[in-house]
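S.K.: Sequence first, then the predicted structure:
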Amino acid sequence: MKTVDEVVRLVGRVRRDELELWVRRSWVIPAASEPEPTFSDLDVARICLISDLLHDVGVEDETIPLVLSLLDQLYATRRRMSALTEAVQRQPEEVRRAIFACVTPRGGPR
Amino acid sequence: MSDDPYDILGVKRDVSADDLKRHYRQLAKELHPDLNPDKPDVAERFKKVSAAYALLSDPETRGRYDRGEIDASGQERPEQRFYRDFQEEPGATRFYTREGFAGDDELHEFFSDLFGGGAGPKGRTFRMRARGADIAYTLPVDFVEAAKGTKKRVTVDGRTLDITVPPGVRDRQMLRLKGQGGPGFDGGPPGDAFVEIHIQPHPLFERKDENVHIELPVSLPEATLGGRIEVPTVDGPVTMAVPRGSNTGTTLRLRGKGIVDPKSGERGDQYVRLKVMLPKEVDPELARFLEGWAKEHAYDPRSGMGGGRP
C-alpha cells in the first residue's frame, strides 16, 4: 500500500495535484482512505493507465470517465467469460459438444 | 530492432516536436496494453516506444542524445505492470462495482442465474435452452431426378436426413428441412438442415428455364421423307413425327414434355433440334444416285452468303 507521495515518486510522471484531482473525481478510488489515502498495486496500475490515456494516447480530460467505464465493463465481461470458459472446460465431453453446437453459426459448418 | 529512439518511433531525425507528439499518440493508441487486452506482445513494444518518446519529447535530453552525450538507455519506465495485468486477481473487481458488478459474489449470482441453479438477483430463473445447430449439406441429383422429383436418404454427421426433392428443383436451390439439424440443448428445438441441390449435367438434355433442349440425329431418308421416330424425354422415350423435308437445325416442339415450374405448376416443353446425319460410309449406290440426281437438280445452299466477300 502506498501513500500519495509514494505513488508520485514511484510513477514519476504523475503530479501530486493531478492524482488528488483524479481521486476527487473518483477516477481512482484509494484501496484504503483512513488514516490517509493509500493505494494498492491495482490502484497504481490504474493511475498509470489514466496518465497514459491523458498524456500518451491523447484522450481529452472529459472523455477519461467514458474510457475508464468502457474498460471496466470490458474487463468485467472478460472475467465472466473466462469463468464461464473454465466452467465449460470442466464439463464432460458430451456437454461441451452440445454447448459448442449451440454457438456454431447458423448455416452450420460446410 | 535498433535501439535508436528515432528508429523505434519510426520518425526522421529532424522531426518537429508537434509531429513527434502526433506520431507517438498514434502509436500509443495502437500499442497501449489496456486498449489491446488480447494482444500480449504489445506491452513490450509500448514500453520501448514510450521510453523513446520520453527521451525525445524533452528538448534537453533530445539535444544531449543528438550530440552523443547520452545513449538511449535509462529512459525505461520502472518495471511496470499494466492495469490489464491485474484483471485476473480477486481484487480487480473493485472498480467494476460502478458498472453494477459487485465482485466475485456477483460472478456467482450471474452464473446461478444463467444455469437456473437458483434464483437470480431478480428472482427469475433462466435456462440454457438453445436451438440446435443448423447443418448444411450438398446433394448431387441427376438431371432426370431433378426434373421429376425424388426422395433421398443420406447420412450427415451421423444423422439420417430424409430429403424430398420437389419436381422442377433448380440447380443450386437450397432446400430447408425444418427440425432436421442438430439437436436442441436443454429442451430447445432442433436446428434445420439446409440442403443445396447440385444438378448433374446430362449427356443429352439441357435445361433452359422450364424447357428441355435436345439435339437429335436423324438419317437422310428420315429427314427427306419424314417419318415417326423415337425421342428420349425426361419421362422416357416418346414417338414424334418428323415432317417431310426436315433439315439440320429444324426444331420441333414436344408440348408439355419439359420441366414443371414449381411456382405455376405448369410444365415446359421439350425442343428437339434435328441434325441430319449421312450414313457412316457413302456406298456406291448412293453415290451413283446422287450423281444422276445432281445433274438435274443442282442447288446452292450457300447462295445468299455473298461469296464470303464483305
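M.R.: That came in fine, so what should we check first? Numbers count the residues shown, from 1 in each chain, chains lettered A, B, ... in the order given.

S.K.: State the number of residues packed around residue 70.
M.R.: Since no chain was named, I'll use chain A. Residues lying near A:Leu70 (other Cβ atoms under 10 Å in any protein chain shown) number 11. Every residue, glycine included, has its C-beta placed from N, CA and C.

S.K.: that's the wrong chain, I wanted chain B
M.R.: 15.

S.K.: just B:Leu31 next, same as before
M.R.: Using other Cβ under 10 Å, B:Leu31 is surrounded by 22 other residues.

S.K.: so who does the nearest residue to it once chain neighbours are set aside touch?
M.R.: Among residues not flanking B:Leu31 along the chain, B:Phe46 sits closest, at 4.1 Å (Cβ to Cβ, 6 or more residues apart in numbering or on different chains). B:Phe46 makes contacts with B:Ala28, B:Leu31, B:His32, B:Pro33, as judged by Cβ atoms under 8 Å, 6 or more residues apart in numbering or on different chains.

S.K.: isn't there a helix covering B:Phe46?
M.R.: Yes - B:Phe46 sits within a helix when classified using DSSP: H, G, I helix; E, B strand; the rest coil.

S.K.: I only care about the contacts of B:Phe46 that end up buried; give me the ChimeraX line for that.
M.R.: To isolate the buried members of the contacts of B:Phe46 in ChimeraX, using 16 or more other Cβ atoms under 10 Å in any protein chain shown:
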select /B:28,31,32,33
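
S.K.: Looking at the contacts of B:Phe46, which one is closest to A:Val95?
M.R.: Distance to A:Val95 across the contacts of B:Phe46 (Cβ to Cβ) is lowest for B:Pro33, with 34.8 Å.

S.K.: B:Gln173 reaches B:His198, doesn't it?
M.R.: No - the pair B:Gln173 / B:His198 is not scored as a contact, 9.6 Å apart, by Cβ atoms under 8 Å.

S.K.: Neighbour count: the two, which is higher?
M.R.: B:Gln173 (17 against 12).

S.K.: Roughly how far does the more buried one sit from B:Tyr137?
M.R.: Using Cβ to Cβ, to the nearest Å, B:Gln173 is found at 13 Å from B:Tyr137.

S.K.: shared neighbours, these two?
M.R.: B:Glu196.

S.K.: what pLDDT, on average, does stretch B:238-246 get?
M.R.: Averaging pLDDT along stretch B:238-246 gives 95.

S.K.: Next, the distance between the ends of it.
M.R.: With Cα to Cα, to the nearest Å applied, stretch B:238-246 spans 19 Å between its terminal residues.

S.K.: what do you get for stretch A:50-70?
M.R.: 13 Å.

S.K.: Tell me the buried residues in that stretch?
M.R.: Neighbour-count burial for stretch A:50-70 [16+ other Cβ under 10 Å]: A:Ile50, A:Ser51, A:Asp52, A:Leu53, A:Leu54, A:His55, A:Asp56, A:Val57, A:Val59, A:Ile64, A:Val67, A:Leu68.
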